[in-house]
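*Asks:* Sharing a model that was predicted from the sequence below.
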Amino acid sequence: GDSVTQMEGPVTLSEEAFLTINCTYTATGYPSLFWYVQYPGEGLQLLLKATKADDKGSNKGFEATYRKETTSFHLEKGSVQVSDSAVYFCALSGQRDSNYQLIWGAGTKLIIKP
Amino acid sequence: IAGITQAPTSQILAAGRRMTLRCTQDMRHNAMYWYRQDLGLGLRLIHYSNTAGTTGKGEVPDGYSVSRANTDDFPLTLASAVPSQTSVYFCASRQGVSNTEAFFGQGTRLTVV
């Protein structure tokens, strides 16, 4: 079945460092891909998405490119801030044969130190 | 403001008691979901509904039941709570097609003692 694998955390960086959180997937067809962010004590909120190969999603300085050849959707940011500390989830939405279910990665906790 | 409302925000419940977590959305989304999140990571799907009148089991349905009498409401019931059901519960909704994102409520923190 469909699955999402993302790098384990916690990831600890200093402010203004470059961020990459890896995400790879297994799916039939052409899933849509998402990154969600969860700040402490809150629900998940959409950070960015891509719906077809080579699409780049971007928001709040974060970017991710849908790479079908490597089945990846890595999250990147050029210069992180303390306010980016949160848990990040990679997810995919399957096709009709998987009932369009959302498949979630395990989450990666990001800690940014001043 | 449109979105998803969950109630209560937190609850301490005695083991063996029955409890219903409420979830209401005003976006007219077809699909709704209940997840539990343990230890601050890892969402696990409990039950889902792709449209009003239908429901399905997720990854961890045992001990939980749901109903979807209308588009807006998707309550989750714990028939007889056990300590292992201590968790944060999130309700979510989406339009139901593959390229749409899910919207989440703020969560219900449930402690079963």
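*Replies:* Happy to help now that I have it. Numbering: from 1, shown residues only, chains lettered A, B, ... in the order given.
*Asks:* Show the contacting residues for the closest residue to chain B within chain A.
*Replies:* Closest to chain B within chain A is A:G43: 3.7 Å, counting by CB to the nearest CB. For the C-beta atoms, the positions are set from N, CA and C on the backbone; glycine is no exception. When contacts are counted by CB atoms under 8 Å, 6 or more residues apart in numbering or on different chains, A:G43 touches B:90, B:104-107.
*Asks:* thought B:F90 was touching B:Q37?
*Replies:* Yes - B:F90 lies in contact with B:Q37 (CB atoms under 8 Å); the separation is 6.3 Å.
*Asks:* Comparing these two, which residue is more hemmed in?
*Replies:* Set side by side, B:F90 and B:Q37 show more neighbours around B:F90, with 25 against 20, by other CB atoms under 10 Å in any protein chain shown.
*Asks:* On the strand side of things, show who the more buried one bridges to.
*Replies:* Beta-bridge partners recorded for B:F90 (DSSP bridges): B:Y35.
*Asks:* need the residues of chain B near chain A, please.
*Replies:* Neighbours of chain A within chain B, by CB under 8 Å from any CB of the partner chain: B:31, B:33, B:40-43, B:45, B:48, B:50, B:56, B:90, B:92, B:94, B:96-107.
*Asks:* which of the contacts of A:G43 lies closest to B:R68?
*Replies:* Among the contacts of A:G43, B:G105 lies closest to B:R68 (CB to CB), at 15.7 Å.
*Asks:* Could you report the distance from the closest one to A:T71?
*Replies:* Noted for B:G105: a distance of 31 Å to A:T71, by CB to CB, to the nearest Å.
*Asks:* what residue ranges in chain B are flagged as low confidence?
*Replies:* Scanning chain B for pLDDT under 70 picks out B:1-2, B:40, B:97.
*Asks:* Brilliant, that's me finished.
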